[in-house]
Each structure stands twice: as structure tokens, then as C-alpha cells.
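Chemist: What shape does this take:
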Amino acid sequence: MGVKRSLQSAGLSLGVLANILVVLATATDFWSRFSDGHNGLWRMCRKNSCTKASCETMLAVTAACVVLAAGSGLVATVLGVRVLHASLNGNLIPPRGRNACLVFFLSALLLLTGMVGYTARDVWKLDSFFSWSYFTAWLALPFSILAGFCFLFADMILQSTDAISGFPVCL
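Modeler: Numbering: from 1, shown residues only. A predicted model of the protein is given here:
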């Protein structure tokens, strides 16, 4: 397996891992903990009862950005599967990984925006601290960025080999 396919496989694996982490963080209610409960993007739980989260602008922005990051990560993964599948089948003109790279970077940007918003919302609260769902979402960020770079580098290798193949061979 060549360097190009290895980078594409690594990018796809990192992208799938980032998607799993983002979906896990979005679906769970342990973004922050406080003395008598915990809350997430959708619910606030105190002692033994959970209610719908309060309607705050920053919380809504965070939820929207994280959901959009999960959706764009899924689209990037599908694009990455398409690129890798075409590369493994030996197509003469395989699709470029540039689109997968850009959508992974978009996913990372959306995730970063949401996480910074949530951090700014809760950082000054003295009685609460961030919990594992919050850190899971932060962990997905570098995986999404690295997935984008893997597809970018694989695309650069593909372009350079296409350019070199046009040179005449001197014997």
C-alpha cells in the first residue's frame, strides 16, 4: 500500500473517530457538573429529575454548531470513503481528496466555534466544572483537523505524481 492510500486510510480512520466522539458528546448530558447535578446541550439534571435545558443564546449556538459539525463530519467521511474506494479500484482519474479535506476543516471550525461558545458561557461559574462530554468534544477537534490534513497531503502527493508523469524520460 502506497503513501497516498495510507494517508487516505489514516484520514478516514481519524474522521470516523472524530465523528463518533462528536456524536457521543452531543448525545450525552455531562458537559458540566455542579453540586447537585449536571447538564448538557439538551437537558439539565438535578438530583433525580431531568428537565429541558434553559433557552440561552450561547447554549443554542453551541448546540447548533456541534450538530452542524457532526453533519459535516459525516459528509466528509462519505467523501473520504468515495476517494479511498476509487483509489483502491485503480480508477484512471480518481476523485480528489480536496473536498473531503475542506469539509473536515469545516467540521473542525464549527466544532471549535461551538466549544469556544460553551466555554465562554460556563467558564465564570464558580460552582460548576466541565465534565467528560465537554472534553470528548474537544478531543474530536484535533482528530478532525488531522483527518483533513491526511486527505490534503494525499491529494498533494497525487497532484505531484500527475505532474511528474508528464516529464519526458531521458535514457
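Chemist: where do the helices sit along this protein?
Modeler: Remark: helices of the chain, listed N- to C-terminal, are 3-27, 57-88, 98-122, 132-164; assignment by DSSP state H.
Chemist: and the longest one, average pLDDT?
Modeler: To tie it back to what came earlier, the one meant is helix 132-164. If you average the pLDDT over helix 132-164, you get 85.
Chemist: where does the chain dip in pLDDT?
Modeler: 1, 90-95, 158-171 (pLDDT under 70).
Chemist: If we use 50, what do you get?
Modeler: Filtered on pLDDT under 50, the chain yields the residue ranges 92.
Chemist: Report the central residue of it.
Modeler: residue 144 (3.9 Å; Cα atoms, centre = their mean).
Chemist: So it sits against residue 111, correct?
Modeler: Yes. When contacts are counted by Cβ atoms under 8 Å, residue 144 is listed as touching residue 111 (6.5 Å). In short, each C-beta sits where N, CA and C put it, glycine included.
Chemist: Name the residues contacting each of the two.
Modeler: 22, 69 (Cβ atoms under 8 Å, 6 or more residues apart in numbering).
Chemist: What is the neighbour count of residue 128?
Modeler: Here the count is done by other Cβ atoms under 10 Å, and residue 128 has 17 residues near it.
Chemist: do the same with residue 57
Modeler: The number of residues packed near residue 57 is 9, by other Cβ under 10 Å.
Chemist: Spatially nearest residue to residue 21 (excluding sequence neighbours)?
Modeler: residue 140 (3.7 Å; Cβ to Cβ, 6 or more residues apart in numbering).
Chemist: Please give me every residue in contact with the closest residue to residue 28 other than its chain neighbours.
Modeler: Beyond its immediate neighbours in the sequence, the residue positioned closest to residue 28 (Cβ to Cβ, 6+ apart) is residue 133, lying 4.4 Å away. By Cβ under 8 Å, 6+ apart, the contact list for residue 133 reads 24-25, 28-31, 40.
Chemist: how far away is residue 133 from residue 55?
Modeler: Note on residue 133: its distance to residue 55, by Cβ to Cβ, to the nearest Å, is 20 Å.
Chemist: swap in residue 108?
Modeler: Residue 108 sits 27 Å away from residue 55, taking Cβ to Cβ as the criterion.
Chemist: more crowded one of those two?
Modeler: The residue with more neighbours, out of residue 108 and residue 55, is residue 108; 24 against 7, by other Cβ under 10 Å.
Chemist: I figured the more buried one was touching residue 138, is that so?
Modeler: No. Assessed by Cβ under 8 Å, residue 108 is found out of contact with residue 138, at 11.4 Å.
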